[in-house]
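# build me a model from this:
(one chain, ligands or ions: 1)
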Amino acid sequence: MLPTIAVIAGTRPEALKLLPVIDALRHGGVGAVRLIASGQHQTLFDQMLPDIAPDMELGLMQEGDPPGRFLARAAAVLAEALGHVDPALAIVQGDTATAYAGALAAFRLGIPIAHVEAGLRTASIAEPFPEELFRRAIARLATLHFAPTPRARDNLLAEGVASGAVHLTGNTGIDRLMSALEDPRPSPAAEALLSGIGDGRFALTTVHRRENRGKALEGVARGISKVAHAHALPVILPLHPAPDLQPLADMLCGDPLIQLSAPIDHAAIVRLLVRAALVVTDSGGLQEEAATLGIPVVVLRTRTERMEAVEDGRAMLAGSDPEAILSAAGEMLEKGRFPRSTLFGDGAAAPRIAARIAEWLRR
Ligand SMILES: CC(=O)N[C@H]1[C@@H](OP(=O)(O)OP(=O)(O)OC[C@H]2O[C@@H](n3ccc(=O)[nH]c3=O)[C@H](O)[C@@H]2O)O[C@H](CO)[C@@H](O)[C@@H]1O
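Residues are numbered from 1 along each chain as shown. Here you go, the predicted structure:
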């Protein structure tokens, strides 16, 4: 009888980055995988997993939830769900409320935790809030730590995590990127967005982070518009459905150089990425994907846990100030394309994680 392994996820990036792990565990016969979906970002989550259905859909996010309410609800309900599944191991990814609530619930039940994308840090526990707090807290609770980069591994060792518990694997998001690059199927969503561009240059932009909402959003919108008009550079911007990001669409919808779209599937994003002259984003995953493909990146943040790309010169921090965004974009467009990199992984992270988990289960 195979041991049961619970995988807990709730957002688009978790779905995207955990699918390769689920596939590797299932194909390797490592365990009976049970996917527990929290419902943190239901629509975006479903868009990332068209081919697999969660074993449990908890639907925990409720309209108008004040900050922190989801976390409290998720920690309690995930404990019940895990009690029901009774796994030998619980896997969480990254730094979301679902990941932290899942780790808390597992820890309370004495279920060992594996943390995928462990060790990402900024120098400040308040930035990004609450993700930095979540990933530091998960590191205190986890038994297996899968670090995507040497810097992430070193962060964990510096925090006193036992070296035997830290495994350098690469980021599973790059596994997903590599398989998307090899997928020959056409992407109607990408074709539609590219039809207005022809074979000209464009910038791919996404904005979703908490620190860019409210007052900062106006600076981000003005910065994006300045970049488009200063460089006659069309911008493709797949929107994030969060209601407090709607002002971004309101501010940019009349701009002839800016194409707004609903969130698009990952295959479409990758088709656009490989063609883009520039990426302007506050997304962690897009920083990793663009850096892997050698696309210059302007990061709409003042701190990033993906400093490997910044130190390599292929990404620049600009925050939400319009002039800083404009000048960073000018510098990065000047640099042009970089050679591809394996800064964030080589595309084989998930098999490494599955092998380590298999070993640990046999211990
Ligand atoms: C703190 C931070 O900076 N962000 C965190 C956030 O992810 P992150 O910031 O990456 O969240 P996003 O919503 O940007 O998801 C990124 C992924 O979604 C894809 N995409 C994006 C737009 C779109 O329309 N369609 C689409 O498929 C991108 O290709 C990328 O792979 O949660 C992740 C999971 O814990 C963490 O790894 C990140 O650290």
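# got the buried residues for stretch 39-46?
39-42, 44-46 (16 or more other CB atoms under 10 Å). All C-beta atoms are positioned from the backbone trio N, CA, C, and that covers glycine.
# kindly indicate which of these lies nearest the ligand.
Leu44 (6.8 Å; CB to the nearest ligand atom).
# domain map for the protein?
4-170+347-361, 181-335 (automatic domain parsing).
# Ser341 is nearest to which of the ones you listed?
domain 181-335 (5.9 Å; CB to CB).
# interface residues of the stretch 51-200 of the chain facing the ligand?
Contacts of the stretch 51-200 of the chain with the ligand, taken as CB under 6 Å from any ligand atom, map to 93-96, 99, 117, 128, 131, 173.
# mind listing which of the buried residues of stretch 39-46 are in helices?
Assigned to helices by DSSP state H, the following of these qualify: 42, 44-46.
# save the residues you listed as TSV, and put in pLDDT too.
Shown next, in TSV, are these (pLDDT from 0 to 100):
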residue	pLDDT
Gln42	90
Leu44	90
Phe45	91
Asp46	89
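# mind putting these into TSV with distance to the ligand?
What follows is these, written out as TSV (distance: CB to the nearest ligand atom, whole Å):
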residue	distance to the ligand
Gln42	14
Leu44	7
Phe45	10
Asp46	12
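# tell me the one among those nearest to Glu323.
The closest of these to Glu323 turns out to be Leu44 (CB to CB; 31.6 Å).
# does that closest one really touch Pro263, like I thought?
Yes: under the criterion of CB atoms under 8 Å, Leu44 makes contact with Pro263 at 6.0 Å.
# overlap in contacts, those two.
Here Leu44 and Pro263 share the contacting residues 12, 240-241, scored by CB atoms under 8 Å, 6 or more residues apart in numbering.
# number of nearby residues for the residue of the chain found nearest the ligand?
Nearest residue of the chain to the ligand: Gly94, at 2.1 Å (CB to the nearest ligand atom). Residues near Gly94, counting by other CB atoms under 10 Å, number 28.
# cool, and Leu245?
17.
# enumerate the residues of the stretch 251-363 of the chain near the ligand.
Within the stretch 251-363 of the chain, the residues that sit near the ligand (CB under 6 Å from any ligand atom) are 263-264, 266, 269, 283-286, 289.
# turn these into CSV, including neighbour count and pLDDT.
Converted to CSV, these look like this (neighbours: other CB atoms under 10 Å; pLDDT from 0 to 100):
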residue, neighbour count, pLDDT
Pro263, 19, 94
Ile264, 21, 95
His266, 24, 96
Ile269, 25, 97
Ser283, 24, 98
Gly284, 25, 97
Gly285, 24, 98
Leu286, 24, 98
Glu289, 26, 98
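# now do the SS call for Ile236.
Here Ile236 is recorded as strand under DSSP: H, G, I helix; E, B strand; the rest coil.
# in contact with it, which residues are there?
If you count contacts by CB under 8 Å, 6+ apart, then Ile236 has 193, 197, 202-205, 259, 261, 272, 276 around it.
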